[in-house]
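Chemist: I would like the atomic coordinates for the input below:
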Amino acid sequence: MKRAFALLAVALLTACSFQNRYEREAEKLTRAAMNNDFGPVQNDLAKGTHITRVQIAEWSDELSEQGSLRSVKETTDGCSPGEHCFTVKFDKHDYLETMRLNEEGKVVDWHFHMVQGQT
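Modeler: All right, here's what the predicted structure looks like:
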């Protein structure tokens with residue numbers, strides 16, 4: 001049993017290690033929104049970035065309905081200069097996320113929407 005748990009832990013850590021830093025940040029934001037708690041990512045946001053509790057609750061409702069978060073992968077398809085774009089896969093639907101950072105690496109803007117063509 002201990003061996004199985006250790007192998008599972010190694011597999012999970014290995015899976016996470018293939019994400020770049022922007023993918024890790026996008027995943028943190030996505031999970032924070034799903035959990036209706038931006039506390040864990042508060043220090044990742046640039047000063048003056050205003051996100052209300054109502055926005056977080058609405059995001060949580062939408063994203064939580066999508067099932068488990070399966071992956072966050074950065075993409076350049078249709079991505080504007082200065083933005084980082086991500087394909088985010090859930091059990092039920094795929095989403096496109098965009099994130100902009102300031103010169104200090106803090107998040108100044110983060111948006112998501114369901115990929116069209118899915119129900």
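Chemist: surely residue 57 is in contact with residue 36?
Modeler: Yes: the pair formed by residue 57 and residue 36 meets the contact definition of C-beta atoms under 8 Å, at 5.8 Å. (C-beta placed from N, C-alpha, C; glycine too.)
Chemist: tell me which of the two has more neighbours.
Modeler: Higher neighbour count among residue 57 and residue 36: residue 36, with 15 against 12, using other C-beta atoms under 10 Å.
Chemist: measure the residue nearest to that one when sequence neighbours are not counted to residue 22 for me?
Modeler: Among residues not flanking residue 36 along the chain, residue 60 sits closest, at 3.7 Å (C-beta to C-beta, 6 or more residues apart in numbering). To residue 22, residue 60 is 22 Å away according to C-beta to C-beta, to the nearest Å.
Chemist: would you list every one of the helices in this protein?
Modeler: 2-16, 21-34, 53-64 (DSSP state H).
Chemist: first-to-last residue distance for stretch 41-48?
Modeler: For stretch 41-48, the first and last residues are 14 Å from each other (C-alpha to C-alpha, to the nearest Å).
Chemist: doesn't residue 32 make contact with the residue nearest to residue 36?
Modeler: No: under the criterion of C-beta under 8 Å, residue 60 is not in contact with residue 32, lying 9.0 Å apart.
Chemist: quick one on the thing from earlier: quick one, what contacts the residue nearest to residue 36?
Modeler: Residues near residue 60 by C-beta atoms under 8 Å, 6 or more residues apart in numbering: 33-36.
Chemist: so, low pLDDT: which residues of the chain?
Modeler: Scanning the chain with the threshold set as pLDDT under 70 gives 1-17, 118-119.
Chemist: which residues touch stretch 68-78?
Modeler: For stretch 68-78, the external contacting residues (C-beta under 8 Å, 6+ apart) are 19-20, 22-23, 26-27, 30-31, 34, 84-91, 97.
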